[in-house]
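Novice: Sequence first, then the predicted structure:
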Protein chains: 2
Amino acid sequence: MKNESSTVENYIKTIYSLCDKNGKTTVSAVAERLQNNPASVSNMVRRLHEKGLLENKSKLILSKEGNLLARQLIRKHRLWETFLVRVLNFKWEEVHDIAEQLEHVHSPLLTERLPVFLKYPKFDPHGDPIPDKKGNLPDLNAIPLTEAEVDQLYIFRSVATDKSDFLNYLNKKGLQLGQKWKVTEKEEFDGSVKLLIDENREVYFSETVAQNF
Amino acid sequence: MKNESSTVENYIKTIYSLCDKNGKTTVSAVAERLQNNPASVSNMVRRLHEKGLLENKSKLILSKEGNLLARQLIRKHRLWETFLVRVLNFKWEEVHDIAEQLEHVHSPLLTERLPVFLKYPKFDPHGDPIPDKKGNLPDLNAIPLTEAEVDQLYIFRSVATDKSDFLNYLNKKGLQLGQKWKVTEKEEFDGSVKLLIDENREVYFSETVAQNF
DNA sequence: GTAAAATTTTAGATTAATCTAAATTATGAA
DNA sequence: TTCATAATTTAGATTAATCTAAAATTTTAC
């Protein structure tokens, strides 16, 4: 996907956030949100369609490409917000406008390394979910390993990280997606946990690892 | 100073870096560097002068405002490079283009907090000096406390930080600008140092503090 | 001191992103 | 179903930043 201007990116994000359950929104809604004239929006809609970011010439529905772009921008926005709060000690109310600028910085390597440094956060400081690099939102019903109840049975459905290394590490430890497990012991002082997998294998994980489930 | 576009900022930075000993450069040099047509540069020069960023209508000399803007951009650029290398583990050859984007993010609060987090670095990963927030470059002949030789007498001329808190802290410890001191002991294992100030007072500093001289 | 070469500026066009005003097209209520 | 209102699109202008081509100016070399 080639680079889009910040303006185009802002339109796509706005359209994404205004879409109803049918994945649709209107020219006037976008105009209102961006405080632009409807004529400007109408014009931009044509150009977004030419770029392949909208499904339809006149309907405001994001294409697959447009949808992915929106989610990747939201990902970057929320990662930067997390960075600003956790690392630079901003308050969560202060970070929106700065992240709004930072999200337009284009660098695949940076977008890859920021979440590594932040330990693959699933939620931003406002509590909003951070899409993974493929644009998938974390399962809101999923429970992180650190919050699993002792002796309650769970199914291993996802990891919080998009680093394939991490999944490889778990596989090497004998933990596969889809397996059932429960926490048998929880060490309060260092946050480490002991798991029983498939009723027969025991594995220990440090808190750092546990946070990535 | 009101916000300038990234384009304007890039012109100012380019002019700054091309200026000769008389603080002057040429349309063609800027055109060459930016890979723009000389006609475009000529046009922009008029606009930069209208904005008060150039001294003269036709001569390419930065005004006081323009000069400060350039130094502040260089400051941001080098702080971001330092961040990328030290925090996100980039190699120093990889960071230029990313910093080129990050330097245009406008947020006084961010520009204030980034160097706090980085412990007020004086030099970027390429070894280039980082101007302070007033645009002053660190004295290239100055020696950081961490590199002071034991028993050699020095004069305390500057701190690496622009945080007034730090100077206040030093003053409270009895250390004033202009004073003579020498390192009497240097602890290799934790980088802490013992100073003899004015031949009569002893003070200890941790490595963190020492790095900020 | 003048003419050739280099540099700079002007003039006119282009593109992205915006605007206002006017025209067109949908929507929906009687 | 029709007509008033709301929504959208078109037409034409504007601004920032760029371009090419041509004109004007400045430098340099003899």
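Specialist: Cool, got the structure. Numbering: from 1, shown residues only, chains lettered A, B, ... in the order given.

Novice: buried stuff in whichever helix in chain A runs longest?
Specialist: Scanning chain A for the helix with the most residues, using DSSP state H, yields helix A:64-86. Of the residues in helix A:64-86, those buried by neighbour count under the rule 16 or more other C-beta atoms under 10 Å in any protein chain shown are A:66-85. The C-beta positions use only the backbone N, C-alpha and C, and glycine is treated the same way.

Novice: Then stretch A:110-120?
Specialist: Residues of stretch A:110-120 classed as buried: A:110, A:111, A:113, A:114, A:115, A:120 (neighbour count, 16+ other C-beta under 10 Å).

Novice: and residue A:114, what does it touch?
Specialist: By C-beta atoms under 8 Å, 6 or more residues apart in numbering or on different chains, the contact set of residue A:114 is A:79, A:80, A:83, B:88.

Novice: now the residues you listed in JSON lines, with pLDDT and distance to residue B:24?
Specialist: Supplementary listing: the contacts of residue A:114 in JSON lines, determined by pLDDT from 0 to 100; distance: C-beta to C-beta, whole Å:
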{"residue": "A:79", "pLDDT": "94", "distance to residue B:24": "44"}
{"residue": "A:80", "pLDDT": "96", "distance to residue B:24": "39"}
{"residue": "A:83", "pLDDT": "94", "distance to residue B:24": "41"}
{"residue": "B:88", "pLDDT": "94", "distance to residue B:24": "38"}
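
Novice: Do you know the pLDDT at residue A:171?
Specialist: Predicted confidence (pLDDT) at residue A:171: the value is 73.

Novice: ok, residue A:173 to residue B:15 distance?
Specialist: With distances defined as C-beta to C-beta, to the nearest Å, the gap from residue A:173 to residue B:15 amounts to 57 Å.

Novice: Among those two, which residue is more densely surrounded?
Specialist: Neighbour count, other C-beta atoms under 10 Å in any protein chain shown: between residue A:173 and residue B:15, residue B:15 has more, with 29 against 15.

Novice: Please state the mean pLDDT value computed over the strand or helix carrying that one.
Specialist: Secondary structure from DSSP states H and E places residue B:15 in helix B:6-18. This predicted structure assigns helix B:6-18 an average pLDDT of 95.

Novice: Show residues contacting that helix.
Specialist: The contact list for helix B:6-18, computed with C-beta under 8 Å, 6+ apart, reads B:4, B:25, B:29-30, B:33-34, B:41, B:44, B:47-48, B:51, B:53-54, B:60, B:62, B:66-67, B:69-71, B:73-74, B:103-104.

Novice: Give me the buried entries from the residues you listed.
Specialist: Going by neighbour count (16+ other C-beta under 10 Å), the contacts of helix B:6-18 have B:4, B:25, B:29-30, B:33-34, B:41, B:44, B:48, B:51, B:53-54, B:60, B:62, B:66-67, B:69-71, B:73-74, B:103-104 buried.

Novice: and residue A:108, how many neighbours?
Specialist: Using other C-beta under 10 Å, the number of residues around residue A:108 comes to 8.

Novice: can you check residue A:59 too?
Specialist: There are 14 residues near residue A:59, going by other C-beta under 10 Å.

Novice: correct me, but it touches residue A:25?
Specialist: No: with the criterion set as C-beta atoms under 8 Å, residue A:59 and residue A:25 do not qualify as a contacting pair; they are 9.4 Å apart.

Novice: next one: phi and psi at the residue nearest to the spatial centre of chain A?
Specialist: By C-alpha atoms, centre = their mean, chain A has its centre lying nearest to residue A:131, at 1.6 Å. When quoted as degrees, to the nearest 10, the phi and psi of residue A:131 stand at phi -60, psi 150.
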